[in-house]
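A.B. asks: okay, predicted coordinates and the sequence, questions at the end:
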Amino acid sequence: MIETMSRAAVSRDWVGSFADDRFPLLQWLGGSQANGVFRTELSEHSQKAVIKLVPEDDQDAAARAAAWETAATLSHPNLMKVYAHGRCEIDGVPCLYVVTEYADEVLAEILKERPLSPAETRDMLGPALSALAYLHAKGLVHGRLNPSNIMAAGDSLKLTTYGVCPVGAAVISRPSRTICDAPETENGLIIPASDIWSLGATLVEVLTKYPPDWNRAKASDPTVPQSMPEPFASFARRCLRSDPARRITISGITARLDPAKPSLDPVAKLAETPPAKRRVAILLPVAALLLAALGIWIYTHHTQPPASIEQTQTVPAATPAQAPPPLVTQANPTEPSAEVPVPASASAPPTAPDTTSTPQVQTTPAASTAAPAAEPPLQSQAQPQIDQTSASAATTINPAVVNQILPDIVPSAMKTISGTIKVAVRVSVDAGGLVTDATLESPSPSKYFAGKSLEAARHWKFKPAPAPSNWNLEFQYRQSGIHVATEHTAP
């Protein structure tokens with residue numbers, strides 16, 4: 001993705017000028033023709049600050065202004081504060097500007113001299129994870145995590161907020177893509193998992209001084225150097241997975257980084273428990289509930305007046321609390337896997353006691369000896385799954401289609417749709433029914449929806465036929481759901 005050069009350019013010769021008549025440009029700190037960064041100060045108390053200037057005719061001016069407006073509302077100890085933003089004109093050049101905290105050090109400058117030690121890396125990783133968790137909880141993505149955007153301000157480590165944007169927003173174009181840009185951003189998609197990829201690339205660079213090796217044209221994941229110390233090497237490998245769904249989560253990293261602290265995600269913490277102990281942990285409270293229910297029944301039965309011979313007393317059976325579904329993981333013997341909740345079969349309720357005879361008190365077996373439920377089969381996250389609700393509500397499946405995959409669209413992106421977005425994909429299918437190629441039939445109004453349509457189409461499967469065939473799949477996106485129209489174009 002190549003950024004078109006602005007007709008106007010920011011100049012280092014602007015030192016001595018004022019932005020918006022209130023922010024002096026005191027020192028050139030760096031930049032390019034597309035933008036420039038100067039040291040300034042807040043006039044009310046002469047506090048040092050940084051001002052970034054971008055020509056208003058920049059192709060991403062509107063996106064930048066929206067990002068800065070969002071960043072101004074954020075408040076977190078590990079995010080650089082935004083003091084002001086707006087428009088100004090310097091030497092006849094209309095510009096957008098944003099004023100932020102002044103950084104004492106930039107991580108990228110330190111890496112020019114030396115890599116960080118494992119202890120320094122751990123000290124960097126904690127605040128970075130905290131800031132990312134804060135952003136993701138607000139439905140935002142950092143979007144530009146790399147050593148150049150990790151700062152030291154006073155005694156705190158902080159992330160810049162220049163590129164903060166909502167999940168699913170269009171990616172601001174950049175002069176060149178780097179290893180810190182996740183694969184999905186090439187199609188205009190930016191999601192929380194994109195920050196996780198960037199974090200993995202950053203971890204490799206801060207510990208080795210060099211980014212990981214990766215051939216973007218190949219489907220394989222980047223190579224993490226064997227020399228990297230643990231647990232950072234494992235973190236980096238699990239961050240740098242080409243499939244966003246297979247990347248580690250912030251909670252997963254936090255739990256392994258400092259096991260003494262409680263995990264940010266209780267589900268992730270449960271998933272790390274060995275299956276045998278996990279079943280015991282679930283069955284113990286269930287057994288306790290059954291014992292309590294039995295005690296209440298016995299107490300009620302003996303304290304109520306005896307029933308007459310003609311009457312039969314009916315006591316409802318105690319309903320055991322339903323245990324939460326067990327969690328299964330991907331089969332990977334070499335490193336921990338991402339957790340996926342899988343529904344478990346409901347246990348049959350206990351038989352109601354026969355109240356016409358004298359009740360017999362039975363001893364409930366210990367939870368540790370209870371027969372465990374059969375383990376559900378391992379499920380792979382590598383393939384996108386069909387959205388059954390949307391499919392049944394909005395899609396008529398062609399009889400020739402064996403497996404129809406609907407695109408996995410984030411809810412915030414669906415809410416931005418006005419009317420209908422149509423993406424036409426042409427797929428080539430071999431005689432066995434597998435898709436061998438998928439291409440866009442025409443340019444799409446949205447790179448994000450186009451990319452998700454292509455990704456889903458590649459996983460469709462058709463009934464075997466005597467010869468290869470071609471199909472047109474028209475993905476129709478509305479706020480109410482996704483519809484796919486299929487057309488067989490050639491045998």
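C.D. replies: Nice, I can see it.

A.B. asks: below-threshold pLDDT in this protein: ranges please.
C.D. replies: Within the chain, the segments meeting pLDDT under 70 span 1-7, 33, 44-45, 170-176, 259-397, 412.

A.B. asks: following the strand or helix carrying R238, which helix or strand shows up next?
C.D. replies: Element membership for R238, per DSSP states H and E: helix 232-239. Once the chain leaves helix 232-239, the next helix or strand it forms, by DSSP H and E, is helix 250-257.

A.B. asks: okay, buried residues for that following helix please.
C.D. replies: Using 16 or more other C-beta atoms under 10 Å as the test for burial, helix 250-257 gives 250-256. Where you see a C-beta, it was placed from the backbone N, CA and C, and this is true even at glycine.

A.B. asks: pick out whichever of those residues sits closest to I110.
C.D. replies: Of all these, I110 sits closest to I253, with 22.1 Å by C-beta to C-beta.

A.B. asks: which residue packs closest to the closest one, ignoring adjacent ones?
C.D. replies: Nearest residue to I253, sequence neighbours excluded (C-beta to C-beta, 6 or more residues apart in numbering): F235, at 5.6 Å.

A.B. asks: now swap in G154 and tell me
C.D. replies: G154 sits nearest to D104 (C-beta to C-beta, 6+ apart), 6.9 Å away.

A.B. asks: on that earlier part again, what's the farthest-apart pair in the buried residues of helix 250-257?
C.D. replies: Pairwise over these, using C-beta to C-beta, the maximum falls at I250 and R256, 11.2 Å.

A.B. asks: any residues in contact with both of these two?
C.D. replies: Shared contacts of I250 and R256 (C-beta atoms under 8 Å, 6 or more residues apart in numbering): none.

A.B. asks: number of nearby residues for G433?
C.D. replies: Counted with other C-beta atoms under 10 Å, the neighbours of G433 add up to 18.

A.B. asks: over to E41?
C.D. replies: Residues near E41, counting by other C-beta under 10 Å, number 17.

A.B. asks: wasn't it part of a strand?
C.D. replies: Yes. Counting by DSSP: H, G, I helix; E, B strand; the rest coil, E41 is part of a strand.

A.B. asks: would you agree it is in contact with Q27?
C.D. replies: No. Look at E41 against Q27 with C-beta atoms under 8 Å: they stay out of range, at 10.4 Å.

A.B. asks: domain assignment for this protein?
C.D. replies: Listed domain ranges for the chain are 12-101, 105-271, 388-490 (source: automatic domain parsing).

A.B. asks: end to end, how far does the first one reach?
C.D. replies: End-to-end distance of domain 12-101 (C-alpha to C-alpha, to the nearest Å): 20 Å.

A.B. asks: relative to P118, how far out is R237?
C.D. replies: From R237 across to P118, the span is 16 Å (C-beta to C-beta, to the nearest Å).

A.B. asks: ok, the two, which is more surrounded?
C.D. replies: Remark: of R237 and P118, R237 carries more neighbours, 21 against 14, as counted by other C-beta under 10 Å.

A.B. asks: contacts only, for the nearest residue to that one once chain neighbours are set aside.
C.D. replies: Once flanking residues are discounted, R237 sits nearest to V224: 4.9 Å by C-beta to C-beta, 6+ apart. If you count contacts by C-beta under 8 Å, 6+ apart, V224 has them with 204, 212, 233, 236-237, 240.

A.B. asks: just to revisit the earlier point, got JSON lines for the buried residues of helix 250-257, with distance to V50 too?
C.D. replies: Formatted as JSON lines, the buried residues of helix 250-257 follow (distance: C-beta to C-beta, whole Å):
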{"residue": "I250", "distance to V50": "27"}
{"residue": "S251", "distance to V50": "32"}
{"residue": "G252", "distance to V50": "34"}
{"residue": "I253", "distance to V50": "29"}
{"residue": "T254", "distance to V50": "30"}
{"residue": "A255", "distance to V50": "35"}
{"residue": "R256", "distance to V50": "35"}
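
A.B. asks: which member of the residues you listed is positioned nearest R478?
C.D. replies: I250 (32.2 Å).

A.B. asks: how about that closest one, what does it touch?
C.D. replies: So I250 contacts 129, 132-133, 136, 196, 264 (C-beta under 8 Å, 6+ apart).

A.B. asks: in helices only, show me these.
C.D. replies: Counted as lying in helices by DSSP state H, out of the contacts of I250, are 129, 132-133, 136, 196.

A.B. asks: can I get the buried part of the residues you listed as one ChimeraX selection?
C.D. replies: To isolate the buried members of the ones in helices among the contacts of I250 in ChimeraX, using 16+ other C-beta under 10 Å:
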select :129,132,133,136,196
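
A.B. asks: ok, so of the ones in helices among the contacts of I250, who is nearest A8?
C.D. replies: Among the ones in helices among the contacts of I250, and counting by C-beta to C-beta, the member closest to A8 is L132, at 34.2 Å.

A.B. asks: mind checking how far the closest one is from A431?
C.D. replies: From L132 to A431 the distance is 47 Å (C-beta to C-beta).
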